[in-house]
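*Asks:* Next come a sequence and a model predicted from it.
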Amino acid sequence: MKILVPIKRVIDYNVKVRVKPDHSDVDLANVKMSLNPFCEIAIEEAVRLKESGVATEIIAVSIGNKSCQEQLRTALALGADRAIQIDTDESLDSLNIAKLLQKIVDEEQPQLVILGKQSIDSDNNQTGQMLAALTGMPQGTFASNVSVEGNKVNVTREVDSGLQTVSLSLPAIVTTDLRLNEPRYAKLPDIMKAKRKPLDVKPAADFGLDLTSRTKVIKVTPPAQRQAGIIVSSIDELVEKLKNEAKVIS
Amino acid sequence: MSILVFAEHDNSRLKSDTLKTVAAAQAIGGDIHILVAGLKCDDVANEAAKVNGVSKVLVADNAAYEHQLAENISLLVTELACDYDHILATALTTGKNFMPRVAALLDVAQISDIIAVESTDTFVRPIYAGNAIATVQSVDSKKVITVRSTGFDAVATDGNAEIVKVDSVQDAGLSAHVSDEISKSERPELGAASVVISGGRGMQNGENFALLEGIADKLGAAIGASRAAVDAGFVPNDMQVGQTGKIVAPDLYIAVGISGAIQHLAGMKDSKVIVAINKDPDAPIFQVADYGLVADLFDALPELESKL
């Protein structure tokens, strides 16, 4: 089966985020960018399915300007067979991203689409579910286990009360949670090989979609800072403060 | 203006987070209805009818909705959506799962995880794990919104709404429920507890979480964990507090052996009072703690339990 893995270039997990002084957005100038951690897990899961003989081909797709080719090359080094960049300079809403991905799903007809459950920049947690709605596929979100059995996929999901397992008809959409797997590191020979794997560039404008944003960011501000409190010297002092000063225990 | 609020429940009890989502609906303003979708969920409907500020409770009681599968619930909500300007669900795993599906079926954007309402079309939400706060305006005619419950105070429950049955049965036939593995606990739920005590990597292993239990029992607290503790396999993931786990804002949060990684702070920094116990005086958790104690947790925890 063919697996499609949409991925996103985001600010690196370890970078301290700063808001621009004019409050228009966060400052991404000269900041280290990486593959979104949940997308890395999605690639790893696809690669494992290929290694176990379930999948035959893995296609990574990303939407953005030329710089996201760096993340597509990472995906290729990790084991994707080929890559597609949908070229645009716009920063698109999840719904428009899902509409573009739907076009790729129509073209490629994958049996499984694996995405990260959310990107660590916009924290929306929407794209996988929206793509599932647009393609009419079932969805297994926040997956901690994926097993393909015949024309079904069983997905164990991380839910508030514990774990839930659902059985989905293929083709299906899966979004990854953190415990699904531990992604491998790309080896140097694979990084070299990835440079020669096919990477198609398709202009977003060629898909004939109205990609006008439905949301407008009015402003972006830093969060209210919490003031550091005091260091107490003993449990006795702590209990006394919680009782008499903070009044949160009796 | 009319607003539909999706009720979070387990077919027997209404989750208290729904009361906070109704508070967000009140902040938007309008005629508020609650949708209870499930199987044999009359008790939930009766509870929902008491929620203040709600004029009508819609009950869709059918086997297709028992496990609130996204494929079926999204069709139901989309069908009902024509009567509403705003559709709200709590940003818990059920709402996060089906709401973007509703938004896409309605061809509108979704505003996720709002923590404040500026006006009927403008909302405030954290981005970058809470390291920035965005004010976002939706230009769609219908607003599909998930609400972070820590941003709102629960409404009271002395109302008396009309209960109306919804006969529509939407079964997409794409998915089936296989099994649930529910973590059982006598303690309050993490999201609803007024006191939370969490352990981190400093706990060293899962057995040592027993040291938190005696304190949790005395304080009526829920027990949480940092991602480091979950990743190390000490405790299950449903105990995780943080950006990728549960977001909590109790009256008292006690962080034990937690260094205070930004991902953990994202899940608890709105707590009213924060206590940190850590043997490393330079741990970042002390920068957000109201009361810090630099101590070995294996000495501090038994002493704390004995003195409460």
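*Replies:* Yep, that arrived. Values in this document were obtained by computation on a predicted structure and should not be read as measured data.
*Asks:* So, low pLDDT: which residues of the stretch 101-250 of chain B?
*Replies:* For the stretch 101-250 of chain B, applying pLDDT under 70 flags no range at all.
*Asks:* Does A:Arg73 lie in a helix or a strand, and which?
*Replies:* Per DSSP states H and E: A:Arg73 is located in helix A:69-78.
*Asks:* Give the buried residues for that helix.
*Replies:* By 16 or more other C-beta atoms under 10 Å in any protein chain shown, the buried positions in helix A:69-78 come out as A:69, A:71-78. Backbone N, C-alpha and C define where each C-beta goes, glycine included.
*Asks:* can you check stretch A:148-156 too?
*Replies:* Per 16+ other C-beta under 10 Å, stretch A:148-156 contains these buried residues: A:148, A:152-156.
*Asks:* Name the nearest of the residues you listed relative to A:Ile191.
*Replies:* Closest approach between those and A:Ile191, by C-beta to C-beta: A:Val148, at 28.7 Å.
*Asks:* Give me the neighbour count for the closest residue to that closest one other than its chain neighbours.
*Replies:* Leaving aside its chain neighbours, A:Val148 sits nearest to A:Val54 (5.0 Å; criterion: C-beta to C-beta, 6 or more residues apart in numbering or on different chains). Neighbour count for A:Val54, taken as other C-beta atoms under 10 Å in any protein chain shown: 18.
*Asks:* A:Val54 reaches A:Ala46, doesn't it?
*Replies:* No: counting by C-beta atoms under 8 Å, no contact exists between A:Val54 and A:Ala46, whose distance comes to 9.7 Å.
*Asks:* can you give me the helices in chain B?
*Replies:* Along chain B, counting by DSSP state H, helices occupy B:17-28, B:42-49, B:70-80, B:93-106, B:210-219, B:227-231, B:262-268, B:297-307.
*Asks:* how far away is the residue nearest to A:Val148 from chain B?
*Replies:* A:Val54 is 19 Å from chain B, where distance means C-beta to the nearest C-beta, to the nearest Å.
*Asks:* tell me the SS of that residue?
*Replies:* coil (DSSP: H, G, I helix; E, B strand; the rest coil).
*Asks:* and stretch A:211-223, how far apart are its ends?
*Replies:* End-to-end distance for stretch A:211-223, by C-alpha to C-alpha, to the nearest Å: 30 Å.
*Asks:* ok, that stretch near chain B or not?
*Replies:* Yes: under the criterion of C-beta under 8 Å from any C-beta of the partner chain, chain B is reached by stretch A:211-223 at A:213-223.
*Asks:* Quick one, which of those are buried?
*Replies:* Buried by 16+ other C-beta under 10 Å: A:214-215, A:220, A:223, out of the residues of stretch A:211-223 next to chain B.
*Asks:* and these as a markdown table, adding secondary structure?
*Replies:* Formatted as a markdown table, these follow (three-state DSSP):
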| residue | secondary structure |
| --- | --- |
| A:Arg214 | coil |
| A:Thr215 | strand |
| A:Val220 | strand |
| A:Pro223 | coil |
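*Asks:* Tell me the bridge partners for A:Glu57.
*Replies:* Beta bridges link A:Glu57 to A:Lys2, judged by DSSP bridges.
*Asks:* Name the nearest of the residues of stretch A:211-223 next to chain B relative to A:Ser34.
*Replies:* Using C-beta to C-beta, A:Val220 is the member of the residues of stretch A:211-223 next to chain B that lies nearest A:Ser34, at 20.8 Å.
*Asks:* okay but the closest one is in contact with B:Ile133, surely?
*Replies:* Yes: judged on C-beta under 8 Å, A:Val220 makes contact with B:Ile133 at a distance of 7.0 Å.
*Asks:* Not including adjacent chain positions, what is the nearest residue to the most centrally placed residue in chain A?
*Replies:* Chain A has A:Gly116 as the residue nearest its centroid, 3.2 Å off, counting by C-alpha atoms, centre = their mean. With sequence-adjacent residues excluded and distances taken as C-beta to C-beta, 6+ apart, A:Gly116 is closest to A:Phe38, at 2.6 Å.
*Asks:* Kindly report the same for B:Lys246.
*Replies:* B:Lys246 sits nearest to B:Leu190 (C-beta to C-beta, 6+ apart), 5.0 Å away.
*Asks:* What backbone torsions are found at A:His23?
*Replies:* phi 60, psi 30 (degrees, to the nearest 10).
*Asks:* The nearest residue to B:Gly202 once chain neighbours are set aside and chain A, how far apart?
*Replies:* Leaving aside its sequence neighbours, B:Gly202 sits nearest to B:Gly257 (C-beta to C-beta, 6+ apart; 2.2 Å). With distances taken as C-beta to the nearest C-beta, B:Gly257 is found 15 Å from chain A.
*Asks:* again with B:Pro284
*Replies:* Separation of B:Pro284 from chain A (C-beta to the nearest C-beta) stands at 10 Å.
*Asks:* list the contacts for that residue?
*Replies:* B:Pro284 makes contact with B:259-261, B:265, according to C-beta atoms under 8 Å, 6 or more residues apart in numbering or on different chains.
*Asks:* For burial, what's the neighbour tally of residue 133?
*Replies:* No chain specified, so I'll use chain A. A:Ala133: 28 neighbours (other C-beta under 10 Å).
*Asks:* Chain B, not that one
*Replies:* Neighbours of B:Ile133 (other C-beta under 10 Å): 20.
*Asks:* and if you look at the one 10 residues further on?
*Replies:* Using other C-beta under 10 Å, B:Lys143 has 23 other residues around it.
*Asks:* Confirm for me that it is in contact with B:Ile87.
*Replies:* Yes: at 7.2 Å, B:Lys143 counts as touching B:Ile87 under the criterion of C-beta under 8 Å.
*Asks:* dump the residue contacts of B:Lys96.
*Replies:* A:125, A:141-142, B:112, B:146.
*Asks:* model confidence over the helix holding A:Arg73, on average?
*Replies:* The pLDDT scores in helix A:69-78 average 98.
*Asks:* could you check the distance from the residue nearest to A:Val148 over to A:Val113?
*Replies:* 15 Å (C-beta to C-beta, to the nearest Å).
*Asks:* In the stretch 201-308 of chain B, what residue lies closest to chain A?
*Replies:* Of all residues in the stretch 201-308 of chain B, B:Asp290 sits closest to chain A, at 3.6 Å by C-beta to the nearest C-beta.
*Asks:* Quick check: closest non-adjacent residue to that residue.
*Replies:* Closest to B:Asp290 by C-beta to C-beta, 6+ apart is A:Gly229, at 3.6 Å.
*Asks:* Sweet, I'm off.
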